[in-house]
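Undergrad: Predicted model follows, preceded by the sequence.
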Amino acid sequence: MNQYSKRRSRLLESLSENSAVILFSGKAPMRSEDEAYYFSVNRNFYYLSGLDKENMVLVMYKLDGAAKEFLFIPPFDEKMARWVGGRMLKEEASKISEINNVEDINELDGFVASLLNRNRRNPDFDLYLDFWHYEFDQTLSMAHNYGKKLKENYPYLNLKDVYPVLAKMRLVKDEEELEEIRKAIHTTNLGVLQMMKSARPGMNEMTLEGIFAFVLAQSLCHNTAFDTIAAGGERATILHYHENNQPVNDGELFLCDLGATSNYYCADISRTFPINGCYTDRQKEIYQIVRNAQKIVESKAKPGVKLKELNQAVVDYYKEELPKHGLNEDVTEYYFHSCGHHLGLDTHDIDGGLGAVLQEGNVITNEPGLYISAEGIGVRIEDDLLITAEGCEVLSKELIREAEEIENYMGGH
C-alpha cells in the first residue's frame, strides 16, 4: 500500500458511514486563441492519487461497510498522441495511484447517476466535493459546476465540502512529503548560492532571477513554487515586489524570496545580501535585528504553540529593540506581515490561520523582516521549519544566513 492509498483510507475513515467523495484533477483554462494556461493539478486530487493529468476524476465511497475506489480518465487518442503525446494509459494510472478500478471519463455521469439512485432513499447519504474558493468572484471550479448540475438533477442530495477534512490531513506531513520538501529546499539552496556568487553591482534584478531559474533547470526542477521576488534597494521594502527589472546599484541590498518544487512540494526561502558582497554598518545592524527575531521564533516553535504567538514574540522584540537603533515609529511601520505560514503542496499551504495550534509534523516558514523605505533598506530572512516532538528542525539550515558567512562566501571580506 503506497502513501496515496493510505491517505484515501484515512479520508474515508474520517467520513460518515454512508458517503461518497468526488474529486477533480482540473483543467487548464484558455489564455488566448488556441493557447491554454499551464496546467496545475488540484492539490487535493494529487494528494490522494499521485496523478497530475487533466480531466481525471477520483470517486470513492463507503456503503454498507464496504469501501471502493474508482478513477475516471480520458481514453487514449491515437491522433492526439501524434500532436501532443499520448494520454496516460489505464495501467499506468493504476500503478501510480494503486486504484484498481480505472474507467473511461465518459462513463462518469452514468456511474454517479447509478450511485445516487441506489441511495436516493437513504437520508443519511452524503456526497463530498472539494468546494475550495478563495475569492468571492473567482471562476467556478469543476467541482462547483458539477455540484450545481447534481443539485439541479437531484435536489434532495446532501452535498458537503471535503476541503476542511483534507486540510486537517494535509497539515501533518508524512515521511514521503518531508522528503519532497527537503529536495525542493536543497535545489533552492543551490540557486541562491549561485545568485550570491554571481552578484555584481549594476546587475539587473531580472538577471539574478534568471540565474536562479537556470540552476533549477540544471537540477531538472520544472516549476518554481511561486513567482520569484528579486528586489534591490528600496524596492526590497515592497513585500510582494514582482517587476524584477531594475539594476541593483553598488552599496544596495538585494532581497530574494523564492522556492523550487519537487513533485509539487514547495520550498520558500528568503535571503538578503549586499550586491557588492559587503554589508554597510547600518545594513548589518538591521540585518542582525532580523536574524535575532528569527532565532526567537526558532526557540519558541513547538507543538502546542500558535503561529500568532510566534508572531507576537517577534513584535515584542521589535518594540524593545527598534528604538535603540533610531526606529521610533510604531512597529507596523517597519514590519507589516506575519512571521510565517504553513508550507507543503502549496506555498501558503492549507492551514487554520494564525490561531491554529502547531503540532508535530507541521512545516512552517520563519520569515521576520524589517522594511525601512526612508533608508532604502529591506531585510527578510526566511527558513523552513519542521515542528518536532520537542521543538523544531530548520530544514533549510544548509543555506548560509549569518551576515559574516554571506560576506565570506561572496568574497566581500
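TA: Yes, it's here.

Undergrad: how many other residues sit next to Glu285?
TA: Using other C-beta atoms under 10 Å, Glu285 has 15 neighbouring residues. Quick note: C-beta positions are derived from backbone N, CA and C, even for glycine.

Undergrad: does it count as helix, strand or coil?
TA: The three-state assignment at Glu285 reads helix, by DSSP: H, G, I helix; E, B strand; the rest coil.

Undergrad: Where does the prediction get shaky in this protein?
TA: Applying pLDDT under 70 to the chain flags residues 81-82, 84-86, 352-354, 412-413.

Undergrad: Where do the domain boundaries of it fall?
TA: 3-170, 172-410 (automatic domain parsing).

Undergrad: out of the ones you listed, deepest packed?
TA: Highest mean neighbour count among the domains of the chain (mean count of other C-beta atoms under 10 Å): domain 172-410, with a mean of 19.

Undergrad: Now do the end-to-end distance for that domain.
TA: 37 Å (C-alpha to C-alpha, to the nearest Å).

Undergrad: chain center to that domain: distance?
TA: Using C-alpha atoms, centre = their mean, to the nearest Å, the distance from the centre of domain 172-410 to the centre of the chain it belongs to is 15 Å.

Undergrad: Who are the packing partners of the lengthiest helix in the chain?
TA: With secondary structure taken from DSSP state H, the chain has its longest helix at helix 175-198. When contacts are defined as 3 or more C-beta pairs under 8 Å, 6 or more residues apart in numbering; DSSP states H and E, helix 175-198 packs onto helix 205-218, strand 253-258, strand 261-262, strand 265-266, strand 269-274, strand 383-387, helix 403-410.

Undergrad: Stretch 216-234 spans what distance, first to last residue?
TA: For stretch 216-234, the first-to-last residue distance is 27 Å (C-alpha to C-alpha).

Undergrad: Including distance to Asp52, could the helices and strands packed on helix 175-198 go into a markdown table?
TA: A markdown table is the format used below for the helices and strands packed on helix 175-198 (distance: least, C-beta to C-beta, whole Å):
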| stretch | distance to Asp52 |
| --- | --- |
| helix 205-218 | 18 |
| strand 253-258 | 22 |
| strand 261-262 | 12 |
| strand 265-266 | 12 |
| strand 269-274 | 24 |
| strand 383-387 | 23 |
| helix 403-410 | 36 |
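
Undergrad: Can you say which of the ones you listed is nearest to Glu309?
TA: strand 383-387 (13.2 Å; C-beta to C-beta).

Undergrad: so what strands line up beside the closest one?
TA: strand 363-366 (antiparallel), strand 392-394 (antiparallel) (DSSP bridges).

Undergrad: Could you list the residues in contact with it?
TA: If you take C-beta atoms under 8 Å, 6 or more residues apart in numbering as the criterion, strand 383-387 is touched by 173, 178, 181, 185, 267-269, 294, 297-298, 301-303, 340, 343, 358-367, 392-397, 399, 401.

Undergrad: Report the angle between that strand and helix 175-198.
TA: 160 degrees (axes from the mean of the first three to the mean of the last three C-alpha atoms, to 10 degrees).

Undergrad: Out of the strands paired with strand 383-387, the one nearest Gly232 is which?
TA: Closest among the strands paired with strand 383-387, using C-beta to C-beta: strand 363-366, at 22.5 Å.

Undergrad: Using PDB, write down the CA coordinates of the closest one.
TA: The C-alpha coordinates for strand 363-366 follow below in PDB (Å, rounded to 0.1, in the frame of the first residue of the first chain):
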ATOM      1  CA  VAL A 363       6.100  22.500   8.200                       C
ATOM      2  CA  ILE A 364       6.100  26.300   8.600                       C
ATOM      3  CA  THR A 365       8.100  29.200   7.400                       C
ATOM      4  CA  ASN A 366      10.100  31.500   9.700                       C
END
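
Undergrad: helices or strands next to the next helix or strand after it in the packing?
TA: Following strand 363-366 in sequence order, the next helix or strand is strand 369-372 (DSSP states H and E). For strand 369-372, the elements it packs on are helix 281-300, strand 377-380, judged by 3+ C-beta pairs under 8 Å, 6+ apart.

Undergrad: now with 10 Å?
TA: strand 253-258, strand 269-274, helix 281-300, helix 307-321, strand 377-380 (3 or more C-beta pairs under 10 Å, 6 or more residues apart in numbering; DSSP states H and E).
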